[in-house]
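**Q** I would like to see how this sequence folds:
(one chain, ligands or ions: 1)
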Amino acid sequence: MGAEVVIEGLTKSFGRQTIWRDVTLTLPPGEVSVMLGPSGTGKSVFLKSMIGLLKPDRGKCMINGVDIVTCSEHKLYETRKLFGVLFQDGALFGSMNLYDNVAFPLREHTKKSETEIRRIVLEKLEMTGLAGAEKKLPGEISGGMRKRAGLARALVLDPEIILVDEPDSGLDPVRTTYISQLFLDVNAQSDATFLIVTHNINLARTVPDNLGMLFRKELVMFGPREVLLTSEEPVVKQFLNGRMDGPIGMSEEKDQAQIAAEQAMFEAGHHAGGVEEVTGIPPQMQPAPGLPTRQGAIRRKDRVMQILHTLPPAAQEGIIESLSPEEQERYGVHPHRGGYQDPPTINTTPVAPHHRGELPSEEVARIPGAHRRTQGPGDS
Ligand SMILES: Nc1ncnc2c1ncn2[C@@H]1O[C@H](COP(=O)(O)OP(=O)(O)OP(=O)(O)O)[C@@H](O)[C@H]1O
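**A** Coordinates of the predicted model:
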């Protein structure tokens, strides 16, 4: 099973520029999480902070009991081995063929024989659809293949946590969906914990178990995908629809004067761009037929059902509707369109507390500057 990552109060600045502050979230083991955010909100800085390439000013990032913010260099070196990272361009060595690129971490960090290395490299190239391409140089292959080679290389040390920085950059929507499929397939086969940072709305809507969003130097929300996908929060709705009308502006957040001027423009009939209000929760992509069931998805179901009563009503409805009739029966819940229902009595399989990845209810949906009341038992 992948590692759980517990982040508490993480804050990062460069000089006097705060990038984000007080970020608190848990990446549940073996689940796939996506972090959204407008350009420049510090998503890449967040990934680099998680692997200790950048040092946060304060807060914790706990992985298997080690706080990578304060641990020794030796512990950091050891903990980094749990990570596989796929950078935007694959970060391949241009002068090495794909075989040697993928073999590199094994030669660098292990004492494995070349026979064993060959077995692993060919297995990971096969897994990422690159069998037969091992002699190619990075410059001879497409951007999509380079990303897949970067993923193969990220997988050779059997990481417990896989971080992916903007997998869609430079890819068309179809290739982006193919690489998304690959992430779910790898997750099904490895049960590794995934965190993907992206702007890509399709990917965010259909791939992850959990969705978060950074904006205005804070974590706007993080929780089960259904929470963001049904959110009425203006910044979330604007982002998920890729529109101009909303708090996100061309280069940074808008001031009141700009919002008023734009509002007048849209009311006068100017198209705000984006698609026409996409709402609702599309089905989640699944691993390819023939692959194992995602263990992270099974654990997630129990985990989310345990915190169901703390989630906003629309998210609750989406989650209940995504269950099969047998699962609804097992958890003792029923679809209930158009209103909040009483918290169910839930028959979940016990999950070890340190592996639950459960969010404190006040962190399930956090909006800077607004104190959302989380719905609790007896609320209506
Ligand atoms: N090493 C650094 N030193 C100083 N400032 C930095 C450094 N790295 C990043 N920044 C600043 O941090 C901010 C966030 O950058 P980051 O690349 O993490 O954003 P992002 O959300 O990943 O953006 P995009 O989606 O465009 O890739 C930017 O203003 C950037 O200039």
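**Q** mind pulling up the pLDDT for residue 351?
**A** Here the pLDDT value assigned to residue 351 is 39.
**Q** swap that for residue 23, sorry
**A** Taking residue 23 on its own, its pLDDT is 96.
**Q** what residues does the stretch 201-350 of the chain put near the ligand?
**A** By C-beta under 6 Å from any ligand atom, no residue of the stretch 201-350 of the chain approaches the ligand. Bear in mind the C-beta positions are built from the backbone N, C-alpha and C, glycine included.
**Q** secondary structure element holding whichever residue of the stretch 201-350 of the chain sits closest to the ligand?
**A** Closest residue of the stretch 201-350 of the chain to the ligand, C-beta to the nearest ligand atom: residue 214 (7.0 Å). Residue 214 is part of strand 210-215 when elements are defined by DSSP states H and E.
**Q** quick check: domain ranges of this protein?
**A** 5-227, 241-267, 295-364 (automatic domain parsing).
**Q** thinking again about what came up before, now for the helix or strand following the strand holding residue 214, which elements pack on it?
**A** Remark: after strand 210-215, the chain's next helix or strand is strand 218-224, criterion DSSP H and E. With contacts taken as 3 or more C-beta pairs under 8 Å, 6 or more residues apart in numbering; DSSP states H and E, strand 218-224 sits against strand 17-27, strand 210-215, helix 234-241, helix 295-307, helix 313-321, helix 361-364.
**Q** may I see the buried residues of the fifth one?
**A** If I follow you right, that is helix 313-321. 313-320 (16 or more other C-beta atoms under 10 Å).
**Q** now do the SS call for residue 245.
**A** coil (DSSP: H, G, I helix; E, B strand; the rest coil).
**Q** do residue 158 as well
**A** coil.
**Q** residue 190 is in contact with that one, correct?
**A** Yes: using C-beta atoms under 8 Å, residue 158 makes contact with residue 190 at a distance of 7.1 Å.
**Q** just the domains of the chain: most buried one?
**A** domain 5-227 (a mean of 19; mean count of other C-beta atoms under 10 Å).
**Q** which non-adjacent residue is nearest residue 285?
**A** residue 206 (5.0 Å; C-beta to C-beta, 6 or more residues apart in numbering).
**Q** surely residue 149 touches residue 138?
**A** Yes: Residue 149 is within contact range of residue 138, at 7.1 Å (criterion: C-beta under 8 Å).
**Q** can you give me the helices for the stretch 101-250 of the chain?
**A** Ranges of helices in the stretch 101-250 of the chain, per DSSP state H, counting those that start in this stretch, are 114-127, 143-155, 173-190, 201-206, 225-229, 234-241.
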